[in-house]
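Student: pasting the sequence and the predicted model now:
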Amino acid sequence: MSHLRMAQFGTGHGHAAGKLHAMLNHQDVEVAGVYEPDPERRLLLSRQDGPYSDVHWFEEVGEMLDDASIVAIASEGRNDESLDQTEQIVACGKHAWYDKPAGDNWTQWQKVVSMARDQDLQVQMGYMFRYHDGFQKIANWAKSGLLGSIFSVRAHMSTGLPKEGREVISVHKGGIFYDLAGHMLDQVVWLLGRPTKVTSFFHNDGGMVPQFMDNTLGVFEFDHAIAFVDIAAMEPGPTARRFEVYGTEGSAIIIEPFEPGECVRLVLTEARGGYSAGEQIINPEIRGRQDMYNLELNSFLAAIRKTGEPDRTLDHELLVQESLLRATGGIVD
């Protein structure tokens, strides 16, 4: 199979180096280069050990966007840059591997998705837990009916951020919720669909950066279920990240921390689906962060080449961002 030429737009996202590493090491990808709009950052990264040390650096964005041989671009700018950059990628007729979340401007994000549909382009968001075996198992159990009717989902994904990180993210309404909750909402709406009502509680309890919401909770109501997503920025490590799904016939919990996610507690009211009644511990395949990036890329390439269906539709990518912005106030119900 011939190589597919890709590039990277921006380097400021926290996943950027890992995504470039995935592209550089994929047997079916040729990396044409990287464009970073900040020349000082470009110089700094080029002098460091790691994936950026040996790549070609584009001097102008047009060198990348106007190159017809480049089929797809990883959008890896900071969260306040990336939606504009993704719009440029799609407007030039290229597929976008877009790192989360999809910007603050709901109207613009809808426009980008519409442009992609019109050109039959893939836009795949970088929610890597789609490729986490524990999350995949729980989604399959829930969607198959193994757990009965799902009535509650609880997701905890806190972190510990220094002042500098809080200052960068503080430009976004919702603070740490804006930055991280999309990972959990990607799972929640995959299981439950569109929330009927969204209520959020955003606090600045750390006080380190007054305008930064650092202790947050989103409550998402559905016709027959409620989901709770809580994210804080001051949890001491190692953080106790946890994902819980409760149904009328069983429950499934990724026991913290969900990276690497070594254990899933499954409880069933009766034996079915090859599992026993009562409590049992399931040991998923352990996939590190880079493993999940690699699987993301495999999925993206298969969708581009039409050798496989996208793992999530563009409608789903829209729904995740809509749900996030409904919580942060970027969309008013």
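Tutor: On my side now, so go ahead. Residues are numbered from 1 along each chain as shown.
Student: from here on, contacts and neighbour counts on C-alpha atoms
Tutor: Will do.
Student: tell me the domain boundaries of this structure?
Tutor: 4-122, 133-286 (automatic domain parsing).
Student: how far is the last one from where the chain is centred?
Tutor: Relative to its chain's centre, domain 133-286 lies at 13 Å (CA atoms, centre = their mean, to the nearest Å).
Student: I'd like the numbering to begin with 34 instead of 1 from here.
Tutor: I'll keep to 34 as the first residue from here, and by that count the last item is domain 166-319.
Student: just checking, what packs against the one helix or strand residue 331 maps to?
Tutor: Element membership of residue 331, judged by DSSP states H and E, is helix 322-338. Contacts defined by 3 or more CA pairs under 8 Å, 6 or more residues apart in numbering; DSSP states H and E place helix 322-338 against helix 49-57.
Student: the helix holding residue 331 versus helix 49-57: what angle between them?
Tutor: 60 degrees (axes from the mean of the first three to the mean of the last three CA atoms, to 10 degrees).
Student: residue 264 belongs to a helix?
Tutor: No - looking at residue 264 with DSSP: H, G, I helix; E, B strand; the rest coil, it is strand, so not inside a helix.
Student: could you report the pLDDT at the closest residue to it other than its chain neighbours?
Tutor: What sits nearest to residue 264 in space, not counting adjacent residues and going by CA to CA, 6 or more residues apart in numbering, is residue 191, at 4.6 Å. You'll see residue 191 listed with a pLDDT of 97.
Student: rewinding a little: nearest to residue 339 among the domains of the chain would be which one?
Tutor: domain 37-155 (10.3 Å; CA to CA).
Student: how long is that closest one end to end?
Tutor: By CA to CA, to the nearest Å, the extent of domain 37-155 from end to end equals 14 Å.
Student: one more: stretch 228-241?
Tutor: 33 Å.
Student: sorry, back to before: export the domains of the chain to TSV and tack on mean neighbour count?
Tutor: Formatted as TSV, the domains of the chain follow (neighbours: other CA atoms under 10 Å):
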stretch	mean neighbour count
domain 37-155	19
domain 166-319	19
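Student: okay, the ones you listed in a markdown table with distance to residue 363 next?
Tutor: Shown next, in a markdown table, are these (distance: least, CA to CA, whole Å):
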| stretch | distance to residue 363 |
| --- | --- |
| domain 37-155 | 6 |
| domain 166-319 | 7 |
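Student: can you list the residue ranges for helices in the stretch 184-333 of the chain?
Tutor: Along the stretch 184-333 of the chain, counting by DSSP state H, counting those that start in this stretch, helices occupy 196-202, 209-225, 322-338.
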